[in-house]
Each structure stands twice: as C-alpha cells, then as structure tokens.
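[1] Quick one: sequence and predicted model below, then my questions.
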Amino acid sequence: MAAIELISPRSPRVAAARRLARRNFRGKERLFLAEGPQAVREAAGHRVAGQATLVELFATPEAAERYAGIIEAADRAGARTHLADEAVIADISTTVTPQGLVGVCRFVDTPFEEITRARPALVAVLANVRDPGNAGTVLRCADAAGADAVVLTDASVDLYNPKAVRASVGSHFHLPVAVGVPVERAVEGLKAAGVRILAADGAGEDDLDAELDAGTMGGPTAWIFGNEAWGLPEETRALADAVVRVPIHGRAESLNLATAAAVCLYASARAQRTPS
C-alpha cells in the first residue's frame, strides 16, 4: 500500500478532494469523485489512451482490509493511496453513509466525433435531463442493454455530478459518453452515421409495441430521452425519425424517465439481436 499512516484531515490532498464536490472545481481540474467499492474497482481497471483513470484513493483502515483487492488494483494503476479515518472520508464523501472508499478520477468523456466514427448500433441521447440521479441511472441502463454510447446534450446535467456517478454504479467506466453536445448536432452526426433517431415521449404518435411488431427496430438506433417533468420540446421531437411512446397497459399515469429508458433500450437491443 502506498501509505501506512492516517492522512491528516488538514492535508492539502483532503482539501483538494473535498472541492471536487463542486462543478467548477471538477471542470477546472478535470477530476471527479467515485465513491464505494464498485465504482472504485471499475475506475482502478479503467484507462484512457493508456493513462490510468484512478489517480488517488482514500480508504479507511477497515475498508482497506475488507477490499484489499481494490487497494492492490489501485496500486497497480499507479494511484496514490491514503489511509483515512471515518471523519476524513465523511468530509470528502457526498453520501450520508460512506462505504469507506473514495477515489479521485480523471474525466472519461469521449469526443462526439469518435462515437459517430465507430458507427454505433445503439445510443442513448439525454436531452435536457437535469436530474443527476436520472442521468446516472439511464447511463447504467444503457450499459446493461449493451448500448455503444451515451450522449449528454449541452442542456443536460453534469456527467460527473456525485449523484450521477453514484447512480451509474460504475457504468461511467464501461462505455463512451460524450458531453455538452447540442441536440441538433447530436442528431445530425448520428444520422450521418446511419443511425435512426427515435424520440421517446409519452405523447408519441407511434407505439413501441407496434414498432417492434413491424420489425422496424433492428437497425442502428438512437433514443432521445427528455426532461422527466415536461418531456421533449416540439423542436426536438421534430428532429426525430419517429416519436415513440411506451404503452401503458395498466392504470399508471406514466413511467419515470429511467424506467422508460430501460424499456426502450432493451426493446432495441432485443430487436437488434433477433434474426431477420
């Protein structure tokens, strides 16, 4: 382990990590926090262009013993590891009940042009999604459904917001994510890459079941998901090849954003994996 003594709460390293809870400092340093064993484990094994993503790790002695494999992976990644008491971890952490591990990671977003050059088959586009928990959960759903990329428009929440990072449960490190892309540019670039654009909207003219029955969802597809409170504006809906609603067969008024995204992404994944 890189450190054998408890780090002081007054250490500049602790102060620097604490500041990463604020967006302006994250953007300035291009660093963010990953909390808990799952996120730290994924960060420790992640690299971008040969450079390790995890640069620093704070762990309580108990967590260091319990998650010895993660500490070893952090050391192999070249991360500076600090033992810290629970008060220090609580000071750095943004959770009510920290799990004893907090990693400092380099930004992992991917240029949008790299995503389109790869000719993706399944993409989630988050347009004007403001809730960080929703954004992180949709990222996790896209990862689970086997999507090739996620795109956050310039009107959406910060990808590195601590709540978004926690909600993704490590999926930040699993698939390319582009940030700050105007929705018009996202649609134009994806269409040029041969991707069909579907806008998910509860008031959509087309029904998801009907799309599946018609066999129209087997090709490369990007789903646009909007703000949970007010959905997609008309100008964004107009950019799509089709506006699709998830059918409500029971008495529920609607689905929340993350649930609707999971249904849509898995529907596309199933269609793309079904022989013609």
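    Yep, it's here. Numbering: from 1, shown residues only.
[2] quick one: residue 18 from residue 221, how far?
    Residue 18 sits 41 Å away from residue 221, going by C-beta to C-beta, to the nearest Å. (C-beta placed from N, C-alpha, C; glycine too.)
[3] Equivalent analysis for residue 273, please.
    13 Å.
[4] How about residue 79?
    38 Å.
[5] Now do the closest residue to residue 176 other than its chain neighbours, the pLDDT please.
    With sequence-adjacent residues excluded and distances taken as C-beta to C-beta, 6 or more residues apart in numbering, residue 176 is closest to residue 110, at 3.9 Å. In this model, residue 110 is scored at 95, pLDDT.
[6] now residue 110, what's its secondary structure?
    Under DSSP: H, G, I helix; E, B strand; the rest coil, the three-state class of residue 110 is coil.
[7] Just the pLDDT for the closest residue to residue 52 other than its chain neighbours.
    In space, residue 52 comes closest to residue 77 once its chain neighbours are excluded; the distance is 4.1 Å by C-beta to C-beta, 6+ apart. We have a pLDDT of 94 for residue 77.
[8] average model confidence for the helix or strand where residue 90 lies?
    For residue 90, the host element (DSSP states H and E) is helix 86-92. Mean pLDDT, helix 86-92: 92.
[9] Spell out, range by range, the strands that occur in the stretch 151-276 of the chain.
    177-181, 196-200, 206-207, 221-225, 242-245 (DSSP state E, counting those that start in this stretch).
[10] Go through these and pick out the most buried.
    Stretch with highest mean neighbour count among the strands of the stretch 151-276 of the chain: strand 221-225 (a mean of 27; mean count of other C-beta atoms under 10 Å).
[11] Direction included, what does that strand pair up with?
    Using DSSP bridges, the strands paired with strand 221-225 in its sheet are strand 122-126 (parallel), strand 196-200 (parallel).
[12] residues making contact with the last one?
    What that stands for is strand 196-200. 187, 190-191, 211, 219-226, 232, 236-237, 239-246, 260-261, 264 (C-beta atoms under 8 Å, 6 or more residues apart in numbering).
[13] what about it, distance to the chain center?
    Computed by C-alpha atoms, centre = their mean, to the nearest Å, the chain-centroid distance of strand 196-200 equals 20 Å.
[14] ditto for stretch 40-51
    Distance, centroid of stretch 40-51 to centroid of chain: 15 Å (C-alpha atoms, centre = their mean).
[15] measure it end to end?
    16 Å (C-alpha to C-alpha, to the nearest Å).
[16] when you give positions from now on, start the count at 263
    Shifting the count to begin at 263 puts that one at stretch 302-313.
[17] quick one: buried residues of that stretch?
    Buried residues in stretch 302-313, counted by 16 or more other C-beta atoms under 10 Å: 302, 303, 304, 305, 306, 307, 308.
[18] Next, format those residues as CSV and append distance to residue 397.
    Shown next, in CSV, are these (distance: C-beta to C-beta, whole Å):
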residue, distance to residue 397
302, 20
303, 22
304, 17
305, 18
306, 23
307, 23
308, 19
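[19] Nearest to residue 386 among these?
    residue 304 (18.9 Å; C-beta to C-beta).
[20] tell me the SS of the closest one?
    Classified using three-state DSSP, residue 304 is helix.
[21] Quick check: the nearest residue to it once chain neighbours are set aside vs residue 422, distance?
    Spatially, and ignoring its direct neighbours in sequence, residue 304 is nearest to residue 432 (3.7 Å; C-beta to C-beta, 6+ apart). Per C-beta to C-beta, residue 432 is found 14 Å from residue 422.
[22] count of neighbours near residue 475?
    When counting by other C-beta atoms under 10 Å, one arrives at 10 neighbours for residue 475.
[23] give me the low-pLDDT residue ranges for the stretch 363-512 of the chain?
    Within the stretch 363-512 of the chain, no stretch has pLDDT under 70.
[24] 80 instead, please
    Counting by pLDDT under 80, the stretch 363-512 of the chain shows low-confidence ranges at 490-492.
[25] Helices of that one, residue ranges please.
    For the stretch 363-512 of the chain, helices defined by DSSP state H, counting those that start in this stretch occupy the ranges 374-379, 394-406, 424-430, 445-454, 470-476, 496-499.
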